[in-house]
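Colleague: Provide a 3D model corresponding to the input given below.
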Amino acid sequence: MGGNSARASLGSSPPQSGGEVARRSRDGEGERRMRLLSAAGSRAQTRNSHPTSGRGEMRPHPKPQPFPLDTLAVNRSSPEHLSRQLYHGLVAIIRSRALPPGSELPSTRALAAELGLGRNTIVAAYDQLVTEGYLANRQGARPVIVDLPEGPRETPREEPPVPLRSPSLRGRLLLSQPYHHGRPGHVAFHPGMPDAQSFPFGVWGRLVARRASHGGETLFGTYDVTGHPALKEAIAGYLFSARGVRCRPEQIVVTTGAQAAFDLLARLLLDPDDTVWMEEPGYYGAKAAFTVAGARILPIAVDQERGWRLDAPGFSPRLIYVTPACQHPLGITMRMEERLRLLDIAETANSWVIEDDFDGEYRFQGRPVPAIQSMDRSGRVIYVGTFAKLLFPALRLGFMVLPPELAGRIVNALSTTGQFAPLLLQAALADFITEGHMSRHLKRMRRIYAQRRQLFRDIVTERLRDEITLSPAEAGIQVVGYLKEGIDDIKVSQAAAKRAINVSPLSKYFQNTAPTQGLVLGYAACDAAQTRDGVERLAQAIREVLG
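Modeller: Reported below is the predicted structural model:
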């Protein structure tokens, strides 16, 4: 009877248009959502008659307010997890006090249904809010908003802001150093950038996965801060065969790159006002580390014709920094008589020598030259290397070969500074070396880089012969292009950057002498098409500077 009456009643009502039905449906749905979600704020008042503030004070009931559902929009195409998006939205509601303290949130089921999300997503967001103190859980009830102190005012204050305390002298020196990493996405012509696309990532991935599956305590427990034993042994063997370096694995310290080694050595070996001899032009990353340590930098002039002028600097050095295998940035190699002279000066002055083996593996004339470390008989040469140029930059693994005197005492310094690399990557790299993958990769890349080097020189000579003269670099994966007189290298680098070309002005490698105008150009990461396109953009940048 009841059902028939209802049907009769519905049948007797006047006909309605489709638009009116849709409007009433939307209105009904909106009223249902409002009842559902505004009830959340009102229930809290009946179950907890006097919500307390964060200071434990009794507060009057807040006036029930509808839950601001429309502010909780989530973007399903965003890489951020849905629960984090919801968390951020709820935090904004709580901080803005769109719902007053003491208001009860909707049930996880109700909010999940309204937003079209899984209940676990809502639970995860609520749990995080409880953990961070935005919500308070109550036995048998929904969480309520905690009365938090109001945050900083967002409107500008009339009174001047209180100035922050300035950094220390060392901090100011650190902050003043130039940024010397490439710009993401700029392939041509970043100095020293290898071709990561040619790296055997399939092999690398299998080695990492294998080590991760069978690591045990040696990888995931306590460890030697100087590096994974297998990697140190592999490095020692590789250096002896490839560079003539004589060392035991105990003398090797694995670092997060060459720059980390320079930073640690500067703090370990230098006092304020100590003298450091550095090549001019020279690597500004090392120069920055020594400058921040408070050292005085004196230049060793280096040029293509005369090499290293070791009798020029004066003052007894505490430390001498050189890149003898492939001078950075000029790409020349230190002659044997210069190496012997350098060791003689260091012994007479009782100085340390940092031998930065920058790009020493990529030599295009003859065989790689043995390291100065292999000629050291007094234990004062510290050999620094990196795998960033050999493999791929993001690996962030390098090493130091220390004299025995230093190697036995560096553990405390390492444990204090925390400069040690992930063991999983160290173990995978050890396998990459010992199983022959690195030697095969280097052999292949030497061939590829030799071809790209010649192509780069041909295209630059053809397109920019009136503006740039390329240096006859003997080694490395970059060359110096000397600019015609009157062309400012900093302006050219800025104009090139606007065209997604990353070149380094040669002048910034100078500190104490009149800088030479030129560009440091990395060619290794560019294939033929990228090289032609990059040279054309560089030509446009030079034309812009010339006006």
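Colleague: when you work out contacts or count neighbours from here on, use the C-alpha atoms and nothing else.
Modeller: Fine.
Colleague: tell me the pLDDT at the residue lying closest to residue 104 once chain neighbours are set aside?
Modeller: Of all residues not flanking residue 104 in the chain, residue 144 sits nearest, at 4.3 Å (Cα to Cα, 6 or more residues apart in numbering). Each residue has a pLDDT score; the one for residue 144 is 91.
Colleague: determine the set of other helices and strands touching the helix or strand harbouring residue 144.
Modeller: Assigned by DSSP states H and E, residue 144 falls within strand 141-145. Judged by 3 or more Cα pairs under 8 Å, 6 or more residues apart in numbering; DSSP states H and E, strand 141-145 is in contact with strand 135-138.
Colleague: for this structure, which residue occupies the most central location?
Modeller: By Cα atoms, centre = their mean, the chain has its centre lying nearest to residue 394, at 7.9 Å.
Colleague: for that one, what are its contacts?
Modeller: By Cα atoms under 8 Å, 6 or more residues apart in numbering, the contact list for residue 394 reads residue 388.
Colleague: run through who's touching the longest strand along the chain.
Modeller: Counting residues, the longest strand found in the chain (DSSP state E) is strand 296-303. Contact with strand 296-303 is made by 273-281, 287, 290-291, 307-310, 312-313, 330, 511-512, as judged by Cα under 8 Å, 6+ apart.
Colleague: in strands only, show me those.
Modeller: Short answer: the contacts of strand 296-303 in strands (DSSP E) are 275-280, 307-308.
Colleague: show me which pair in those is furthest apart.
Modeller: Of all pairs drawn from these, the greatest distance, 21.6 Å, lies between 275 and 307 (Cα to Cα).
Colleague: for residue 433, see how far away residue 212 is.
Modeller: 17 Å (Cα to Cα, to the nearest Å).
Colleague: how far does the strand holding residue 144 sit from its chain's centre?
Modeller: Taking Cα atoms, centre = their mean, to the nearest Å, one finds strand 141-145 lying 41 Å from the centre of the chain it belongs to.
Colleague: same for the helix or strand that comes right after it, what does it pack against?
Modeller: Once strand 141-145 ends, the next helix or strand along the chain (criterion: DSSP H and E) is helix 169-175. In this structure, helix 169-175 makes packing contacts with helix 284-292, judged by 3+ Cα pairs under 8 Å, 6+ apart.
Colleague: what's next to the helix it packs on, contact-wise?
Modeller: With contacts defined as Cα under 8 Å, 6+ apart, helix 284-292 is touched by 170, 173-174, 177-178, 180, 259, 262-263, 266, 270, 276, 278, 297, 508-509.
Colleague: pull the CA atoms of that helix into PDB?
Modeller: Below are the C-alpha coordinates for helix 284-292, written out as PDB (Å, rounded to 0.1, in the frame of the first residue of the first chain):
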ATOM      1  CA  TYR A 284      88.500  27.700  -8.800                       C
ATOM      2  CA  GLY A 285      86.800  24.900  -6.900                       C
ATOM      3  CA  ALA A 286      90.100  24.000  -5.100                       C
ATOM      4  CA  LYS A 287      90.900  27.700  -4.800                       C
ATOM      5  CA  ALA A 288      87.600  28.300  -3.000                       C
ATOM      6  CA  ALA A 289      88.300  25.500  -0.500                       C
ATOM      7  CA  PHE A 290      91.700  27.000   0.300                       C
ATOM      8  CA  THR A 291      90.400  30.500   0.500                       C
ATOM      9  CA  VAL A 292      87.700  29.600   3.000                       C
END
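Colleague: let me know the average pLDDT across that helix.
Modeller: 94.
Colleague: how much does that helix deviate in direction from strand 296-303?
Modeller: Interaxial angle, helix 284-292 versus strand 296-303 (axes from the mean of the first three to the mean of the last three Cα atoms, to 10 degrees): 160 degrees.
Colleague: quote the end-to-end distance of stretch 327-335.
Modeller: Stretch 327-335 end-to-end distance (Cα to Cα) = 11 Å.
Colleague: in that stretch, what's buried?
Modeller: For stretch 327-335, the neighbour count (16 or more other Cα atoms under 10 Å) marks 327-334 as buried.
Colleague: and if you look at stretch 433-452?
Modeller: 433-434, 438, 442, 445-446, 449-450, 452.
Colleague: so which of the contacts of helix 284-292 sits lowest on pLDDT?
Modeller: residue 180 (61).
Colleague: give me the buried positions along stretch 341-361.
Modeller: Buried, per 16+ other Cα under 10 Å, within stretch 341-361: 342-343, 345-347, 351-361.
Colleague: taking the residues you listed one by one, which sit in strands?
Modeller: Counting by DSSP E, the buried residues of stretch 341-361 place 352-356 in strands.
Colleague: what's the first-to-last distance across stretch 476-490?
Modeller: End residues of stretch 476-490 are separated by 23 Å (Cα to Cα).
Colleague: follow-up on the earlier one: may I ask which two of the buried residues of stretch 327-335 are separated the most?
Modeller: Set against one another by Cα to Cα, the buried residues of stretch 327-335 have their most distant pair in 329 and 334, with a gap of 13.1 Å.
Colleague: picking up where we left off before, just the buried ones from the contacts of helix 284-292?
Modeller: Buried, going by 16+ other Cα under 10 Å: 173-174, 259, 262-263, 266, 270, 276, 278, 297, 508-509, out of the contacts of helix 284-292.
Colleague: just for the chain, where's the confidence low?
Modeller: Along the chain, segments meeting pLDDT under 70 span 1-65, 151-162, 179-187, 216-217, 312-313, 368.
Colleague: any idea how it splits into domains?
Modeller: Domain assignment for the chain by automatic domain parsing gives 32-145, 200-435, 440-546.
Colleague: nearest to residue 165, of these?
Modeller: Nearest to residue 165, of these and by Cα to Cα, is domain 200-435 at 19.5 Å.
Colleague: quick one: distance of the closest one to the chain centre.
Modeller: 20 Å.
Colleague: quick one: the helices in the stretch 51-200 of the chain, in order.
Modeller: Ranges of helices within the stretch 51-200 of the chain are 82-96, 108-115, 119-131, 169-175, based on DSSP state H, counting those that start in this stretch.
Colleague: could you point out which element follows the shortest one?
Modeller: Stepping forward along the backbone from helix 169-175, the first helix or strand reached (DSSP H and E) is helix 201-213.
Colleague: now the element after that next one, going C-ward?
Modeller: Next element after helix 201-213 (DSSP H and E): helix 217-220.
Colleague: flag every buried residue along that next one.
Modeller: residue 219.
Colleague: which helix or strand lies directly C-terminal to it?
Modeller: Assigned by DSSP H and E, the successor of helix 217-220 is helix 229-243.
Colleague: grab the nearest non-local neighbour of residue 230.
Modeller: residue 430 (5.9 Å).
Colleague: just checking, residue 192 touches residue 390?
Modeller: No: in this structure residue 192 lies outside contact range of residue 390 using Cα atoms under 8 Å: 10.2 Å.
Colleague: is it true that the residue nearest to the centre of the chain lies in a helix?
Modeller: Yes: residue state for residue 394 (DSSP: H, G, I helix; E, B strand; the rest coil) corresponds to a helix.
Colleague: hmm, who's touching stretch 488-498?
Modeller: Against stretch 488-498 from outside (Cα under 8 Å, 6+ apart): 483, 502-507, 517-519, 537-538, 541-542, 544-545.
Colleague: now with 10 Å?
Modeller: Residues outside stretch 488-498 that contact it (Cα atoms under 10 Å, 6 or more residues apart in numbering): 183, 186, 188-189, 482-483, 499-508, 516-520, 534, 537-546.
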